[in-house]
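J.: from the sequence below, what's the structure:
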Amino acid sequence: MFENVVAGLVSGVVVSILVLVIGRFWKAVVVPWFEERVYKDLHVEGKWYSLYVDTGDYRQEIISLKRHGHSISGHIICKTGADDGEEYSVCGSFRNLLLPLTYEAADKQKSDRGTITLMSTYNGERFVGEIAMYETNTDSIGTTKVIWFRSKVDLDRTLTYIKLHREQLDKIRARELKIREDMREFFEEFTKEFSERKKQEQREKDDVIEGESKRLENNS
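T.: I've put the predicted structure just below:
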């Protein structure tokens, strides 16, 4: 009787282990294999170059992506700016032209982490989107626009274009600011002059009234 109970327990444990092993094998090997066979989206694996278009230092990164079916994993290295040399790991998925990722600092002593949401454009040659990040310096969550390029040459050409037009835009904004300042000074001066003119007119009216009153008093 006791031997039967032991045999039943052992059989149950063995079956549970087999189910667990088979389940993990299925998820880790069979499912990715099947997804790879039926995968119809863009092949986004490989090297990418990122550009943060709204930052003052035009932060740039090199991204290496790996793909298993729709699952994405990878590595980011910052190449410019205050975080030059910092490394990050990323993971996510790619479906229907959308690439949502989470990232975190490779250095576990740092708390840098966030999300990146991108959309494939230019026939698969670029990703455009935004990154939401935790900023350790300000202890806050910030967002900024980012573009990923397949080609470093394409990035450099785009960066030159952005810098040129940003300089032109800055000059236009400076001129607009000068015009607004001139208009503000004009209206202040006009308001002051108009007020003084009204006061002068009122004084002249008062003088006329006072003179007429004195004339009437003298006549009476």
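J.: hmm, residue 130 is touching residue 147, no?
T.: No. Assessed by C-beta atoms under 8 Å, residue 130 is found out of contact with residue 147, at 10.4 Å. C-beta: built from backbone N, CA, C; applies to glycine.
J.: between these two, who's got more neighbours?
T.: residue 147 (22 against 14; other C-beta atoms under 10 Å).
J.: and that one, what element?
T.: Assigned by DSSP states H and E, residue 147 falls within strand 140-149.
J.: in that strand, what's buried?
T.: By 16 or more other C-beta atoms under 10 Å, the buried positions in strand 140-149 come out as 146-149.
J.: of these, closest to residue 55?
T.: residue 146 (9.3 Å; C-beta to C-beta).
J.: per-residue confidence for the closest one?
T.: Here the pLDDT value assigned to residue 146 is 94.
J.: how close does it sit to residue 105?
T.: 17 Å (C-beta to C-beta, to the nearest Å).
J.: residue nearest the centroid of this structure?
T.: The residue lying closest to the centre of the chain (C-alpha atoms, centre = their mean) is residue 144, at 2.1 Å.
J.: ok, now which ones touch residue 64?
T.: Residue 64 sits next to 46-48, 74-75 when contact means C-beta atoms under 8 Å, 6 or more residues apart in numbering.
J.: residue 146 touches residue 131, doesn't it?
T.: Yes. At 5.1 Å, residue 146 counts as touching residue 131 under the criterion of C-beta under 8 Å.
J.: need the overlap of contacts for the two.
T.: 52, 116.
J.: helices of this structure, start to end?
T.: For the chain, the helices defined by DSSP state H cover 2-25, 31-38, 152-219.
J.: mean pLDDT lowest where, among the ones you listed?
T.: Looking at the helices of the chain, the bottom one is helix 31-38 with a mean of 56.
J.: count of neighbours near the closest residue to residue 124 other than its chain neighbours?
T.: Once flanking residues are discounted, residue 124 sits nearest to residue 42: 4.6 Å by C-beta to C-beta, 6 or more residues apart in numbering. A count of neighbours around residue 42, defined by other C-beta under 10 Å, yields 14.
J.: ok, now how distant is residue 42 from residue 51?
T.: For residue 42 relative to residue 51 (C-beta to C-beta), the value is 20 Å.
J.: do residue 193 as well
T.: 52 Å.
J.: with neighbour numbers in mind, choose between those two.
T.: Between residue 193 and residue 51, counting by other C-beta under 10 Å, residue 51 is the more crowded of the two (22 against 10).
J.: doesn't residue 149 make contact with that one?
T.: Yes. The pair residue 51 / residue 149 is scored as a contact, 7.0 Å apart, by C-beta under 8 Å.
J.: overlap in contacts, those two.
T.: Residues touching both residue 51 and residue 149 by C-beta under 8 Å, 6+ apart: 155, 158.
J.: got the contact list for the residue nearest to residue 124?
T.: 94, 97, 120, 124.
J.: tell me if I'm right that the third one and residue 127 touch.
T.: Yes. Here residue 120 lies in contact with residue 127, judged by C-beta under 8 Å, at a distance of 5.8 Å.
J.: tell me which of these two has more neighbours.
T.: Remark: of residue 120 and residue 127, residue 127 carries more neighbours, 26 against 20, as counted by other C-beta under 10 Å.
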